[in-house]
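Provide a 3D model corresponding to the input given below.
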Amino acid sequence: MVSTWIGYRRDSDGERLGWIIDNNESYTVVDLLGHQRFTTDDWLKAEQYLEDLGLMYLSEQYEMRTASHEWIPVRITGVSSKEIQVKTEDFGAIDSPTTTYSLHFPMPEQLRQKQQTA
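Next up is the predicted model:
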C-alpha cells in the first residue's frame, strides 16, 4: 500500500473494501489484494465500484506456487496492507491438516485464482 492510497470502508459495518488512489483528475480503485480494478473521473463511482465488488472474490478458490513450482489449492484467510495469509485447501474437512503461509502484499505472482480446467 502506498501512503497516498485512501482507505475505503463500507458504511454499514466499517469493513475495509479497498483503496482509492486520487490521481488529481481521476480515481483508481484498488482491491484488498492490491489489484487496480477500475479508473474513473468520479469519486462516487469509485466508491460504488468498491461497494459492488464487495469481498466475495476473497472466498474464491486460489492456487499458490510452491518452491518446487507445483501449484497447490489454497484459501485466503486474511488480508492486510502488509500481507496476504493463505492456508492449504482442506475442502471443509475439520480434521484435515493444513499449512498456513504469509505472502507479500500486493498479491504476488505465486498466488493466482484457480485455473479452470475444461
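
all contacts plus neighbour counts: C-alpha atoms, from now on.
Fine.

Where do the helices of this protein begin and end?
43-53 (DSSP state H).

middle-most residue in it, spatially?
Nearest to the mean C-alpha position of the chain, by Cα atoms, centre = their mean, lies residue 33 at 2.7 Å.

which residues of this protein score low on pLDDT?
1, 118 (pLDDT under 70).

where do the strands sit along it?
5-9, 16-22, 27-30, 36-40, 62-65, 71-79, 83-88, 100-104, 111-113 (DSSP state E).

want to throw those into a markdown table with distance to residue 51?
What follows is the strands of the chain, written out as a markdown table (distance: least, Cα to Cα, whole Å):
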| stretch | distance to residue 51 |
| --- | --- |
| strand 5-9 | 9 |
| strand 16-22 | 7 |
| strand 27-30 | 11 |
| strand 36-40 | 13 |
| strand 62-65 | 22 |
| strand 71-79 | 18 |
| strand 83-88 | 21 |
| strand 100-104 | 25 |
| strand 111-113 | 21 |
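
Adding mean neighbour count, write those out as a markdown table.
Shown next, in a markdown table, are the strands of the chain (neighbours: other Cα atoms under 10 Å):
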| stretch | mean neighbour count |
| --- | --- |
| strand 5-9 | 16 |
| strand 16-22 | 22 |
| strand 27-30 | 23 |
| strand 36-40 | 15 |
| strand 62-65 | 20 |
| strand 71-79 | 18 |
| strand 83-88 | 19 |
| strand 100-104 | 15 |
| strand 111-113 | 17 |
